[in-house]
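Undergrad: predicted model and sequence below, questions to follow.
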Amino acid sequence: MMVQKGAEQRSSKRNSLSLSAQLTSDKRTQNVVIEDISIGGAKLRPSGTSPTLNSDTILSISTFGELQGCVVWNRKNSLGIRFNENEEKMGTLLYSIASYGAGAIA
């Protein structure tokens with residue numbers, strides 16, 4: 001299958017939101033805002049410098065738990081992580097955020 005330059009390459013639908021979390025990577029923790037999330041990954045806006053590409057991460061979402069992942073892209077004010085979690089866990093988490101996330105999902 002050919003993919004056009006700049007075309008989206010995600011395999012699952014992203015849900016837009018604005019939810020505070022903490023990201024641990026490169027042996028430091030910082031506050032982030034989750035801008036969108038799916039079963040496969042998330043787009044984050046960090047409060048400080050983005051972690052290095054391919055670094056392992058732990059995304060801690062207050063009452064929803066921790067998700068392990070890896071940085072797959074980073075730009076000036078945002079970064080993308082791919083989750084290393086199974087789809088069942090991610091599906092449950094996304095349902096919980098949608099149901100109890102104080103209207104976080106737009």
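TA: Great, that's in hand.
Undergrad: partner strands of the helix or strand encompassing residue 57 and their direction?
TA: Applying DSSP states H and E as the criterion places residue 57 in strand 56-61. Partners of strand 56-61 in the sheet, by DSSP bridges, are strand 15-25 (antiparallel), strand 65-74 (antiparallel).
Undergrad: for the most centrally placed residue in the chain, which residues make a bridge with it?
TA: By C-alpha atoms, centre = their mean, the chain has its centre lying nearest to residue 42, at 2.4 Å. Beta-bridge partners recorded for residue 42 (DSSP bridges): residue 37, residue 81.
Undergrad: that one and residue 78 touch, don't they?
TA: No - Residue 42 is not in contact with residue 78 according to C-beta atoms under 8 Å; the separation is 10.4 Å. Every C-beta, even on glycine, is put in place using the N, C-alpha and C of the backbone.
Undergrad: what sits in contact with each of those two?
TA: With contacts defined as C-beta atoms under 8 Å, 6 or more residues apart in numbering, the residues shared by residue 42 and residue 78 are residue 35.
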